[in-house]
Structure formats: C-alpha cells, structure tokens
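Chemist: could you work out the structure for the sequence below:
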Amino acid sequence: MSGHDVGDAGAGVGAGVTFGLLAAWAVHDLEEVATVPGWARGRVPGLRQRFPHVPERVWQRLESMDGREFATAVAGMAVVVAGAAADGHRTGGRSGFYQGALNGFGLHALVHLAQAAAVRGYTPGAVTSPLVVIPFTLWARGRLRQAGVLRPTRPREALQGLALAAAATAGTHLAARRLLRRQGANNDRT
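Modeler: Next comes the predicted model:
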C-alpha cells in the first residue's frame with residue numbers, strides 16, 4: 001500500500017488527532033454529566049416563563065431527567081464517539097465518519113454557546129465548549145488539512161454532521177430511558 005491508501009494508519013494524522021476527539025468529548029461530557037440534572041431542576045421553572053413558546057413536553061422532559069438516565073445516554077454516545085475516533089485512527093484521519101463526528105462535535109459547541117446566550121447565563125457544556133471543544137476541533141481540522149486528508153466541508157455537509165450528532169444524542173437518550181425502565185421493571189419482579 002502507498003502512504004495515501006485509506007487502510008494505511010501510518011499516513012495521515014496520529015492518535016492525538018483521532019483519539020483526541022474521544023478525549024475532548026469525554027472532558028466536555030463530564031461537565032454535562034456533572035451539571036445537567038441539577039441545572040435543569042433549578043433553571044427550568046424560570047426558563048419556562050421566559051420562553052413560553054417552547055413546547056411543554058420539552059420542559060417536562062428536562063425536569064424529569066435524572067442523573068442515571070443522563071449518564072447512561074452519555075455512555076451510549078461514548079460508544080459512537082469511540083467508534084468514530086477508532087475509524088479515524090484506522091484511516092489516518094481520512095474517515096468520513098470520523099471527520100463528520102469531528103465537525104458535528106465542533107458545531108455542537110456553537111449550539112451550547114447560543115443556548116448560554118439565549119438564557120443569559122450558564123448552560124451545561126458552556127464552559128468546555130470554548131475552552132476544549134472549539135480549540136480541539138480547530139486544531140484537529142488544521143492537522144487534517146496539513147496532512148492533506150481534510151475533506152471539503154460544505155454548509156450542507158456541516159449541517160448533516162450536526163443533524164447526525166443530534167440524532168445520535170436523541171437515540172442514546174431514548175435507549176437509556178428504555179434500558180433503565182426495563183431494569184426498573186426487572187427489579188420490581190424480583
């Protein structure tokens with residue numbers, strides 16, 4: 001294989017760029033795991049009044065989410081991000097899955113910052129977004145570009161990456177809710 005073949009992990013970028021996605025994601029999501037349930041309980045009543053156009057089911061969902069469910073959903077997302085990082089490493093950073101995950105990760109940081117601006121205060125993820133997520137994403141994209149493996153990102157592709165991140169988030173939350181319900185039902189039977 002030549003140095004430019006997709007299967008040659010020695011070409012392209014190294015583990016810092018590829019598995020760095022998993023590390024940066026873990027730091028970011030630790031902030032969220034530590035803050036989401038308490039933040040939601042404390043802030044939702046005021047936000048509900050400030051943003052009456054938001055559907056009530058959204059507020060109810062935020063208020064009812066407990067730490068176990070959120071942590072279980074984060075564990076599910078860890079599997080997705082680890083898969084993207086591993087595929088990125090296997091391909092020297094060329095993987096569309098890895099690059100899409102990297103782009104979605106960076107764009108979702110902008111969503112966190114927009115949320116914080118909208119509520120005029122802290123929201124979970126708002127600290128590590130500018131300190132970890134955005135700098136890592138820009139650095140990793142720069143390394144991919146230097147290695148000549150960065151895929152062109154058009155606005156449509158960027159939005160697709162963000163949509164996939166949102167779908168993965170929703171899917172892991174749904175799976176966590178169902179898993180914990182089943183565990184609760186099994187515990188009730190014993």
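Chemist: what about Trp39, how many residues close to it?
Modeler: Using other CB atoms under 10 Å, Trp39 has 17 neighbouring residues. (C-beta placed from N, C-alpha, C; glycine too.)
Chemist: can you show me the strands along this protein?
Modeler: Ranges of strands within the chain: none, based on DSSP state E.
Chemist: where does it have low pLDDT?
Modeler: Counting by pLDDT under 70, the chain contains low-confidence ranges at 1-11, 185-190.
Chemist: mind listing what Gly184 touches?
Modeler: Not one residue lies near Gly184 by CB atoms under 8 Å, 6 or more residues apart in numbering.
Chemist: quickly note the distance from it to Met77.
Modeler: Per CB to CB, to the nearest Å, Gly184 is found 22 Å from Met77.
Chemist: go on, Arg182?
Modeler: 19 Å.
Chemist: for Ala109, same thing?
Modeler: The span separating Ala109 from Met77 equals 15 Å under the rule CB to CB.
Chemist: neighbour count winner among these two?
Modeler: Ala109 (24 against 18).
Chemist: contacts only, for the more buried one.
Modeler: For Ala109, the set of contacting residues under the criterion of CB under 8 Å, 6+ apart consists of His28, Gly125, Ser129, Pro130, Val133, Ile134, Thr137.
Chemist: gap between the spatially closest residue to the fifth one that is not a sequence neighbour and Gly148?
Modeler: Okay, so that is Val133. Taking CB to CB, 6 or more residues apart in numbering, and ignoring the residues beside it in sequence, Val133 has Ala109 as its nearest neighbour in space, at 3.8 Å. Taking CB to CB as the measure, Ala109 falls 26 Å from Gly148.
Chemist: same deal with Val81?
Modeler: 25 Å.
Chemist: the more surrounded of these two?
Modeler: Taking neighbours as other CB under 10 Å, Val81 and Gly148 compare with Val81 leading, 24 against 12.
Chemist: surely that one touches Ala24?
Modeler: No. At 9.4 Å, Val81 does not count as touching Ala24 under the criterion of CB atoms under 8 Å.
Chemist: which neighbours do those two have in common?
Modeler: By CB under 8 Å, 6+ apart, Val81 and Ala24 have these common neighbours: Phe105.
Chemist: gap between His108 and Val81?
Modeler: Distance from His108 to Val81, by CB to CB: 12 Å.
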